[in-house]
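**Q** What shape does this take:
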Amino acid sequence: MDVETNGEVYWQAAQGRGKNQSEQNLWALKAGLEIWWDAWGARLEGLQEEDLHYRGKSYQDLEGVPTPRSEVRWATIKYEQSQGSLELGRQEIILGRSNYFQVADMVTPVDFQQAVVTDKSRYRTPLDALRIRYTRTAWDLDFGLIQDDRLNQYPGQNSLWYQPEQNPCNLFEAAGQACQVVPDQTEQPATYQGYLRLRAFLGAFDFSLMHFEGYEREPSFGADFVILNFKSLLEISQTRQRVPSTVATFSYTWDKHQWDIELRRDFQAKRLNLASEAPMFQEPHNIDYGLLAWRYPLFDGDLSSELYGRYISDYQKGQTQDRSQSFFMIDYSKETHNQRYKHIFRQVVGIENKDGLLHLEESHRWTDQLHFQVGADWIWGKDTAPLGRYRQHSRVFLGMKYHL
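**A** Down below sits the predicted model:
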């Protein structure tokens, strides 16, 4: 029996500058190896980042500023057949800003190809994960289970802060309450998340229904910081809380028009609300989301472009928070007939909050096995953190991929 073996080795280096509450001079290096042996696949990858602006400074000098260095390693093994797949994953967060990552669903994982300048305080990635998929004709069933033994929403001084405005003491001090950050010496509580997704591909109509179940134990914030003269806020429940979420999506394609509708309901467990003007508990409640998107390609063939409009309505029951956003995006890409050059221009502009992204990229296939990549990004907008600051990031990157 013939066994097919293939794979690829890749790396990417990036240098970026950012400005949020403080200046950032960032660089990153990502490298990985992916190998397929018949139906089995394995992937090893590592990411290291450092803020050169704070190189050589002690932890005491870095209190309340972005962490200077982070390192993440992860491994995945996968078995795939025509009717399904089984995947096991393990991630190790070594140090630095990545300690702020939280447990994530594997349906929309973080794309680390856009390293360095993105706002990782809102990103989440799995640590220990199991994923099973079953596919039959037009139906796809997807199950995932994620377990994290060291989840903590607000890491202590030992892991430092990614963004200074994420320090919970900021809001308490702004409200006239004394607050002091202390090192976190406690064991992190286990957190679990699982999801089940059913998708159907029925010609011009696609349907997806996904349900998340999460069980988490909120750590006592006293393990991370002490709020002097405000002890009642430390009485956060130590029992496990069920955190469900349900998402339904509908997609319909007619001629060149594609319409997408997404309805989502999240349950927000009881926790400390740092987004309020004064420190307070956020009571359990549901959060509803609605999304409507329209896509239309302007050109076919080598030259293609796309208009994208989206409207999001977020209504939080029991609260006076009702938000809406709209986006407009144009994608332009062109590839030469010899398939050796590829030029990509991408611009994303948020009309409502004036957030935006400008992405330029060029890749060159030197041989059938060797590929090179070079590009630049520019991101601007207002941070959505509780103490939002205007943020601006720019970076340049260079990468290589070699097919075995």
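**Q** for this protein, which spans come out with low pLDDT?
**A** 1-4, 19-24, 51-72, 91-128, 146-193, 215-241, 243, 268-285, 298-357, 379-392 (pLDDT under 70).
**Q** Please report the distance of L29 from E50.
**A** According to CB to CB, to the nearest Å, L29 stands 9 Å off from E50. Backbone N, C-alpha and C define where each C-beta goes, glycine included.
**Q** Next: F397.
**A** 15 Å.
**Q** More neighbours: these two, which one.
**A** It is F397, of F397 and E50, that has more neighbours when counted by other CB atoms under 10 Å, with 22 against 18.
**Q** The more buried one belongs to a helix?
**A** No. Under the criterion used here (DSSP: H, G, I helix; E, B strand; the rest coil), F397 is strand, not part of a helix.
**Q** Tell me the spacing between the residue nearest to it when sequence neighbours are not counted and K401.
**A** Excluding the flanking residues, the one nearest F397 by CB to CB, 6 or more residues apart in numbering is A14, at 3.8 Å. To K401, A14 is 15 Å away according to CB to CB.
**Q** and if you look at W27?
**A** On the measure of CB to CB, W27 and K401 end up 20 Å apart.
**Q** Check D142 too.
**A** Between D142 and K401 the distance is 28 Å, computed by CB to CB.
**Q** do the same with L33
**A** Applying CB to CB to L33 and K401 gives a distance of 11 Å.
**Q** neighbour-wise, which of those two wins?
**A** More crowded of L33 and K401, by other CB under 10 Å: K401, with 18 against 15.
**Q** Surely that one is within a strand?
**A** Yes. The assignment for K401 is a strand, going by three-state DSSP.
**Q** Residues in a beta bridge with M400, which ones?
**A** Beta-bridge pairing for M400 (DSSP bridges): W11, F372.
**Q** wait, E80
**A** For E80, the beta-bridge partners under DSSP bridges are S85.
**Q** these two touch, right, it and A42?
**A** No. E80 is beyond contact range of A42, at 11.8 Å (criterion: CB atoms under 8 Å).
**Q** before we move on, the earlier item: so what secondary structure elements neighbour the helix or strand harbouring the residue nearest to F397?
**A** Taking DSSP states H and E as the definition, A14 sits inside strand 5-19. Under the contact definition 3 or more CB pairs under 8 Å, 6 or more residues apart in numbering; DSSP states H and E, strand 5-19 sits against strand 23-37, strand 390-403.
**Q** could the ones you listed be laid out in CSV, adding distance to W254?
**A** What follows is the helices and strands packed on strand 5-19, written out as CSV (distance: least, CB to CB, whole Å):
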stretch, distance to W254
strand 23-37, 38
strand 390-403, 37
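**Q** Send me stretch 198-208 as CSV with only the CA atoms.
**A** Listed next in CSV are the C-alpha coordinates belonging to stretch 198-208 (Å, rounded to 0.1, in the frame of the first residue of the first chain):
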residue,chain,number,x,y,z
LEU,A,198,-24.7,21.4,12.8
ARG,A,199,-24.2,22.7,9.3
ALA,A,200,-26.2,22.0,6.1
PHE,A,201,-25.2,22.9,2.6
LEU,A,202,-28.3,22.9,0.5
GLY,A,203,-27.4,24.5,-2.9
ALA,A,204,-27.9,28.2,-2.7
PHE,A,205,-29.0,28.0,1.0
ASP,A,206,-26.6,27.3,3.9
PHE,A,207,-27.7,26.8,7.5
SER,A,208,-25.7,26.5,10.7
